[in-house]
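> Take this sequence and fold it.
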Amino acid sequence: MKKILLTTGLVALLTVATAAPTMAISDSGSTPLPGTGAKVEVTAWQCNAYADKCSFKTSTKTKKGNAKYKVSKISNTATVKANGWQATLALSPSGTQVSESTRQVSWTNQNTWIADVSGIADPGGSLNTSITTCSDGGAFKSGVKAFASACAND
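Okay, here's the model as predicted:
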C-alpha cells in the first residue's frame with residue numbers, strides 16, 4: 001500500500017510540475033495606421049529560462065478597437081540575437097544569417113490582419129549569457145503604411 005501511495009504522490013507531483021505555465025519575457029509596441037482608425041500592434045516573446053534552447057514568437061496584428069482589422073499586406077520580421085562573448089546562434093526555422101550571433105525570419109500575409117513567426121533559438125559560445133528577440137512589423141492599406149517594433153530580452 002505504501003508503494004502505491006508513494007507512486008501516486010510522485011506522479012501527481014510530476015504532473016503539477018510539468019503542467020505549470022512557462023514563464024516568458026515579452027515586449028510590445030503599437031502605432032496608428034494613418035486615416036483608418038486602426039493600429040499596428042507588434043509583440044515579441046521568448047522563454048526566460050533555458051538550459052540549451054529557447055522558444056520565441058513574434059507577432060504583428062492590425063486592430064480597430066478590439067476587433068481584427070484586415071489590411072492589404074501585413075508583415076513580421078523576427079530578429080533573434082545571442083548575447084555574450086563569442087556568441088553563436090542556430091535557429092529553427094533557419095532564417096537569414098545577419099551575423100554569427102543574429103538570425104532573422106520574416107513572414108508576410110495578404111488580405112488579413114495577422115502575421116506571426118515562431119521557432120526555437122539555440123544559442124552557443126563560450127560565455128553566452130542571454131538572447132534577445134525583436135519583432136518588427138508593418139501593415140499596408142489603401143496607400144498608407146505603418147511600422148512598429150518591440151524587443152524582449154532576458
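
> Report pLDDT for Asn109.
Predicted confidence (pLDDT) at Asn109: the value is 97.

> Name the helix or strand for the residue nearest to it when sequence neighbours are not counted, please.
Among residues not flanking Asn109 along the chain, Ala115 sits closest, at 4.8 Å (C-beta to C-beta, 6 or more residues apart in numbering). All C-beta atoms are positioned from the backbone trio N, CA, C, and that covers glycine. Under the criterion of DSSP states H and E, Ala115 resides in strand 114-124.

> So what angle separates the directions of the helix or strand following that strand and strand 114-124?
Counting by DSSP H and E, the element after strand 114-124 in chain order, helix or strand, is strand 127-141. An angle of 170 degrees separates the directions of strand 127-141 and strand 114-124 when computed by axes from the mean of the first three to the mean of the last three C-alpha atoms, to 10 degrees.

> helices or strands up against strand 127-141?
Applying 3 or more C-beta pairs under 8 Å, 6 or more residues apart in numbering; DSSP states H and E, one finds that strand 127-141 makes contact with strand 24-33, strand 38-47, strand 54-64, strand 71-85, strand 114-124, strand 144-153.
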